[in-house]
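Asker: My questions are about this predicted structure, shown below with the sequence.
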Amino acid sequence: MNLNYQMTFEDFMALQKDALNRTRHHQARSNVAFIALALMVLLLSLIIFTILEPLFLGFFSENVRQLIIICLSFVPVLLLKSTLVKYYEFVTLRQVRSSLKNDKRWPRNVTLHLHETGIQSNSTYNGIVKNTDIAWEEFKAVSEDDDRLFLYFENNEALILPKTYSSWTETEHMLLRDLIKQHLNHDFGQEKK
């Protein structure tokens, strides 16, 4: 089975986002960034509440005021938790996007030859052809977002397959789903139209 499509810059960025969420390296860095940002928010909150303490908490004893300040300092950290968790991903994707903003490699034509032994990918840009042959057994992981499948054959290398493409027939969609399910034990369900 042969599938032809155009890989876009957005496809590449979707792969980067998926890789950020699945690689240990980025998970560890994300955790460190979260802890550092949470500590900064906590310290800033402690400073602000210590400055405001005489205005609002002057009628409590010293120990109670200190306890209230510490407890109140955790409130901004808890309120900003979802933002702080996403910060590393946002900054990293922003850096990748800005470093590639003048890159003219997109869109690029991709032809996939899916067969019983594996996938052969041919990517063409400015007359340069990149051929990649991957046996089904070499795929280490399958991931997906709303529009794409990511077939990882290395920790940081993957084939990007659109779940749907306007020029594909219904038979091609079904055959792709069946091959992925048969060889990689992954069912990506009904495609969006």
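Answerer: Nice, I can see it. Treat the numbers as computed from the prediction; the structure is a model and nothing was measured. Numbering: from 1, shown residues only.
Asker: CA atoms for contacts and neighbours, from now on please.
Answerer: OK.
Asker: next helix or strand past the lengthiest helix in the chain?
Answerer: Among all segments of the chain classified by DSSP state H, the helix with the greatest residue count is helix 24-56. On the C-terminal side of helix 24-56, the closest following helix or strand by DSSP states H and E is helix 62-79.
Asker: And the contacts of that next one?
Answerer: Contacts with helix 62-79, where a contact means C-alpha atoms under 8 Å, 6 or more residues apart in numbering, come from Ala38, Val41, Leu42, Leu43, Ser45, Leu46, Phe49, Thr50, Glu53, Leu57, Gly58.
Asker: Tabulate those in TSV, adding columns for distance to His25 and neighbour count.
Answerer: Written out in TSV, the entries for the contacts of helix 62-79 read as follows (distance: C-alpha to C-alpha, whole Å; neighbours: other C-alpha atoms under 10 Å):
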residue	distance to His25	neighbour count
Ala38	20	20
Val41	24	20
Leu42	26	20
Leu43	27	16
Ser45	30	20
Leu46	32	19
Phe49	36	21
Thr50	38	17
Glu53	41	15
Leu57	45	17
Gly58	48	11
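Asker: re the thing from before, against which helices or strands is the longest helix of the chain packed?
Answerer: Based on contacts counted as 3 or more C-alpha pairs under 8 Å, 6 or more residues apart in numbering; DSSP states H and E, the elements that helix 24-56 packs against are helix 9-22, helix 62-79, helix 81-99.
Asker: Show me the one of the ones you listed that comes nearest His173.
Answerer: The closest of the helices and strands packed on helix 24-56 to His173 is helix 9-22. By C-alpha to C-alpha, the value is 18.4 Å.
Asker: by contact count, what packs against the closest one?
Answerer: Helix 9-22 packs on helix 24-56, helix 81-99, strand 158-162, going by 3+ C-alpha pairs under 8 Å, 6+ apart.
Asker: deepest of those, which one?
Answerer: Highest mean neighbour count among the helices and strands packed on helix 9-22 (mean count of other C-alpha atoms under 10 Å): strand 158-162, with a mean of 19.
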